[in-house]
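Peer 1: below are the sequence and a predicted model; questions follow.
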Amino acid sequence: MPDHKTQPPVGIDLGTTFSAVAYLDADGRPETIRNSEGDLTTPSAVFFDQKRPIVGMEAVEAGLLEPDRLAQFAKRNVGEQHYEKSIRGKHLPAEVIQALVLRKLKTDAELKLGRITEAVITVPAFFNEPCRKATQDAGRLAGLDVLDIINEPTAAAITYGVQQGFLGTARDGEPLTSRGRELVLVYDLGGGTFDVTVMEIEKGNFNTIATAGDVYLGGIDWDNRMVDLIAEAFLAQHGHDPREDPQAEQELLRKANQTKHALTQRESVTVAFASDGRRLRTEISQQAFSERCVDLVERTIMTVHLVLDDAGIDWPDLTRLILVGGSTRMPMIRDELQQLSGMELDRSLSPDEAVSHGAALYAGMLSAGAKDKTGISVTNVNSHDLGVLAVDPKSNKPRRKIMIPRNSKLPARKTVRFRTHVNNQANVKIQIVEGGDKRGINATPIGKCVVADLPKGTPKGTNVDVRFDYRADGRLTVHASLPEIDRKITMTLNRAAGLSDDEIGTWTKRLDEGLSDAMLAGMVEGDDGPADDSVSDSGDVLPDDGPAAEDAAAEVQGSVQGFAALQHVEFEPAAPATPVASAPATPVASAGAAAGAAAVLGVSASKTPHSPTPSAPNPQSPNIQASGSPASGGPAPTDPARTADAVREPTPKFSVGVGDAIKIETDQASAPAAKLSSGDAQSLAAATGSAKPTISEKPQLALDPKDAVPAVKADANDLAMLAALSGKAPAPKKGDVPLIVTDHPSGNDGANKAAEIKPAPKPKKSGGLFGRKRK
């Protein structure tokens, strides 16, 4: 019988397709807790039955007959307004679906451990702040106090470090380390997301050097390719496409997943499939499957190259290549990595348990506090640029001024001098964004800081000093002042997506009561998702890269944990400035550019290839994302999806992909290897319909004329950043993030002496993402 007293915190790998929970036994060793069905991993699937939701394998099986009631892959919608698939006519927050999975994990773990109240949850390293906060919200909805959010590759590295003897406890209770320094690359391919991280491990210190990821790439995309192989064979034999029938498609997904697993051990597999009274028996070889997935493998390799380049290293500098995630069992992945690296792949970790074990070890360290003798120390980097929107005085175009570049070691600090944009400005608004490329496409709004009640007659060009303090625990504090008029900032920060405390309370009650059909039917329109709490727009400023008087910077009243939990203290503006609307011309793709973009994406310029369901993602679209978020933003789950058990995700997301000679196949024929030129880049958004460069309001911050930059054309690096940093599209009603022009990819003009961030030296160049030579 379990002890009913509260147990130490657990580690949870909240995956796209599978999830797992682990704890530390009496000897301090991590152990995975089996679910009530006796399995180490639980499908991250929820079936909304008439009376109550069903979670796990039972949900997957029930979904074969009623796929419209099945919710899967909610992790790909975390941080957005709602889950992409309508459930009983309602659009539920993705956090609610993830919370139901967490409740199942918690309930099953309590059968063994007793009452559980605390947990560390893992997330992909590339998750941005809204995604991390949404994961934390899901934990709260499940009745868990989320101690921290840790990146999945970091968790896997901790597991590796413990197993390899980098840390331990001697008889005298002091930390014991027996290994030297290692520089490892963690290749983490789960069921729905992909991460690559370079870490340095030495004496129990786990230091992240660089990280990148692709939140729309995982085992389910390989499953979709297998679905196509089987469906095409069925279509050729019977003249009927089983993907057009939702029930048949669900069975097809299950069969595809089984076949993919079988091909990890065999050269070929005979597949038997029946639909609408017609039967198919066909053989699929490992080679045919690999050829169909060439572009997917290439996307992972592009991300690896990006991380190596960011870290300033190449393959020979690495001491270990660690594989995590069930999808790394596929021979096509292992063969490609071994050929490229020339290294022996490290297979010491369980792909399905490494992340949850690392989370449990980290949870144990947090729980022990000062008494901890394991010697674990984790240092992370931020996965996305943090910046402020301003206006270039020469071009009169918005640009993003980067305050803290991505892959900056945390904690980090940066101070920039801005200036007011117009005479007699009543207030100043500082718009904070995360990610995006030079033009600001797909930048995510984080919040707005308002300096209110400026004295009448405040001249244009009045200095505004802004400082970002970004702590290792993911807490952002903004300091601001107008030293010439002795005015301090009052800050408000509203998130673009996520649940408020009131909404969490409402949804917790609903989950407790069962979320029946009757309850869903009774929910009023607009009551099924997070509210959009936009801050009214008023004044602004502009960055001047001259020295800023840090001693004059006044600390904002309250600080923000995960950019969200900010104290709301506002002043009423004396005379709110009239917002300046900007209506940029919509880019129009030329026929040539559209064709070029279509060739790279593997689709026709006029129509897309067959997609069995409107919500199925386009498996042909490459998407890379560069990053490295703090481990503290919120727990990061690794996908025991990693089990490679993946199924089709329900929603089309056209993330623009770029790379060197990406090979893409369509249902009709193989497309030739292609590259995107800078000319194609200008029309890429129009050709694909993926980017959302809307400007509903022009920032009123202004740059010093010396900092004005000429209009820029997108080059290969812009494309890499667009693919790498786009992540998820901005939340629907947030159209106030404009296109951005910047003069340097890092946002450092070199003149800001107050900046305290010093980029890490890069001792060697690896050739760049697009210039790297193949081995």
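Peer 2: Everything's here; your move.
Peer 1: all strands for the stretch 201-350 of the chain, in order.
Peer 2: 205-214, 268-275, 278-285, 320-324 (DSSP state E, counting those that start in this stretch).
Peer 1: nearest to residue 42 among these would be which one?
Peer 2: Ranking these by their distance to residue 42 (criterion: C-beta to C-beta) puts strand 320-324 first, at 18.2 Å. C-beta coordinates here come from the backbone N, C-alpha and C atoms, glycine included.
Peer 1: I'd say residue 188 and residue 199 touch.
Peer 2: No. At 11.6 Å, residue 188 and residue 199 do not qualify as touching, with contact defined as C-beta atoms under 8 Å.
Peer 1: neighbour-wise, which of these two wins?
Peer 2: residue 188 (33 against 30; other C-beta atoms under 10 Å).
Peer 1: so how many other residues sit close to residue 407?
Peer 2: Burial measure for residue 407: 25 neighbouring residues, criterion other C-beta under 10 Å.
Peer 1: verify the stated contact: it with residue 210.
Peer 2: Yes. Checked against C-beta under 8 Å, the pair residue 407 and residue 210 is within contact range at 5.0 Å.
Peer 1: circling back to that earlier point, overlap of the contact sets of residue 188 and residue 199?
Peer 2: Here residue 188 and residue 199 have residue 153 as joint contacts, going by C-beta atoms under 8 Å, 6 or more residues apart in numbering.
Peer 1: how about stretch 401-411 as CSV, C-alpha atoms only?
Peer 2: Only the C-alpha atoms of stretch 401-411 are listed here, as CSV (Å, rounded to 0.1, in the frame of the first residue of the first chain):
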residue,chain,number,x,y,z
LYS,A,401,16.2,46.2,-31.2
ILE,A,402,17.6,43.0,-29.6
MET,A,403,18.2,43.4,-25.9
ILE,A,404,19.2,39.8,-25.1
PRO,A,405,20.3,37.7,-28.2
ARG,A,406,19.3,34.1,-28.3
ASN,A,407,21.8,31.6,-26.9
SER,A,408,22.9,34.1,-24.3
LYS,A,409,24.1,32.5,-21.1
LEU,A,410,21.7,33.1,-18.3
PRO,A,411,21.5,35.2,-16.2
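Peer 1: now do residue 307, the pLDDT please.
Peer 2: Reading off the confidence values, residue 307 has pLDDT 93.
Peer 1: renumber starting at 34 from here on
Peer 2: Happy to do that; since the first residue is 34 now, the last one works out to residue 340.
Peer 1: how long is stretch 76-93 from one end to the other?
Peer 2: Its first and final residues considered, stretch 76-93 spans 8 Å by C-alpha to C-alpha, to the nearest Å.
Peer 1: not counting sequence-adjacent ones, nearest residue to residue 468?
Peer 2: Counting by C-beta to C-beta, 6 or more residues apart in numbering, residue 468 lies nearest to residue 417, which is 4.1 Å off, once chain neighbours are set aside.
Peer 1: wait, the one you found touches residue 161, no?
Peer 2: Yes. Between residue 417 and residue 161 there is a contact under C-beta under 8 Å: 5.3 Å.
Peer 1: pop the domain breakdown of the protein in here.
Peer 2: Taking automatic domain parsing as the domain assignment, the ranges for the chain are 252-325, 415-529+565-620+726-808.
Peer 1: lowest-confidence stretch among those?
Peer 2: Per-stretch mean pLDDT for these is lowest at domain 415-529+565-620+726-808 (a mean of 57).
Peer 1: low-confidence stretches in the stretch 84-233 of the chain?
Peer 2: Across the stretch 84-233 of the chain, the stretches falling below the confidence threshold (pLDDT under 70) are 200-212.
Peer 1: residue ranges for the strands of it, please.
Peer 2: For the stretch 84-233 of the chain, strands defined by DSSP E, counting those that start in this stretch occupy the ranges 86-88, 103-105, 151-156, 178-184, 215-222, 227-235.
Peer 1: pairing partners for the third one, with directions?
Peer 2: By that I understand strand 151-156. Neighbouring strands of strand 151-156 in its sheet, by DSSP bridges, are strand 43-46 (parallel), strand 178-184 (parallel).
Peer 1: reformat these as JSON lines; add mean neighbour count.
Peer 2: Conversion of the strands paired with strand 151-156 to JSON lines gives the following (neighbours: other C-beta atoms under 10 Å):
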{"stretch": "strand 43-46", "mean neighbour count": "33"}
{"stretch": "strand 178-184", "mean neighbour count": "26"}
